[in-house]
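Visitor: Sharing a model prediction with you, sequence too.
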Amino acid sequence: MSGSLSSNLILETSLQCYFFDQLVELNQKFSTPLQREDIYYSSLVMDKFGMAHHFFEEKEGKTSEKILGIKLMESTHLPKKKRIRELKDIGDTALFVCGFFADSLNKKIVDVSYYRDIGQAAYSKLNNLVPSFYDVDSFYNEFSKKFSNAALLMELLSKECSSNAKEDDLIWIAS
């Protein structure tokens, strides 16, 4: 490694910590910044989807994209624990798609507004099952109202990461 490379080195203890720090920095530039709990939750979502297998689902031995609208309807009939897990996954997936892949949806039939509506609905329904999270009453209901702002922060981070990406940039995750 060359000496000039060290200026591009980012040292973090985890990917989630990196996302949290970057989102906090971007959030400070917002006219209506998100609460720290919202930033933390968003960073957990980004960390979760750092592993591609979380983005897809496997049915009958085949990997495919999640069809969130159908999953949202089907979740109504699930037992409580499975419904909680499913609604959280639907909301998180929709948030990640709206945030990290917003540009790729611009010319699609199913656009950002579809994913936003699905995500907000999933988080609102989740609030009925989990009325308090991070010691915040109605966390998921409030987060559903801030969905667009959280997605925008992710989108800004995505654009910042892609514009800063160079062949010689490295991200090191310290153990």
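Guide: Arrived safely.
Visitor: Which helix runs longest in this protein?
Guide: If you go by DSSP state H, the chain has its longest helix at helix 80-100.
Visitor: What is the distance between that one and the centre of its chain?
Guide: 9 Å (Cα atoms, centre = their mean, to the nearest Å).
Visitor: List the neighbours of the helix or strand that that helix is followed by that are in contact with it.
Guide: Remark: after helix 80-100, the chain's next helix or strand is helix 112-129, criterion DSSP states H and E. For helix 112-129, contacts defined as Cβ atoms under 8 Å, 6 or more residues apart in numbering pick out 68-69, 72, 75, 80, 83-84, 87-88, 90-91, 93-95, 97-98, 102, 105-106, 138-141, 143-145, 147-148, 151. C-beta coordinates here come from the backbone N, C-alpha and C atoms, glycine included.
Visitor: Mind listing what's buried along stretch 46-57?
Guide: 46-49, 54-55 (16 or more other Cβ atoms under 10 Å).
Visitor: The residues you listed: which two are farthest apart?
Guide: Using Cβ to Cβ, the buried residues of stretch 46-57 span at most 12.6 Å, a distance reached by 47 and 55.
Visitor: so what's residue 66 closest to, chain neighbours aside?
Guide: Using Cβ to Cβ, 6 or more residues apart in numbering and skipping residues adjacent in sequence, the residue nearest residue 66 is residue 57, 5.1 Å away.
Visitor: hmm, back to that, to be precise, which single item in the buried residues of stretch 46-57 has the lowest pLDDT?
Guide: Of all those, residue 55 carries the smallest pLDDT score, 68.
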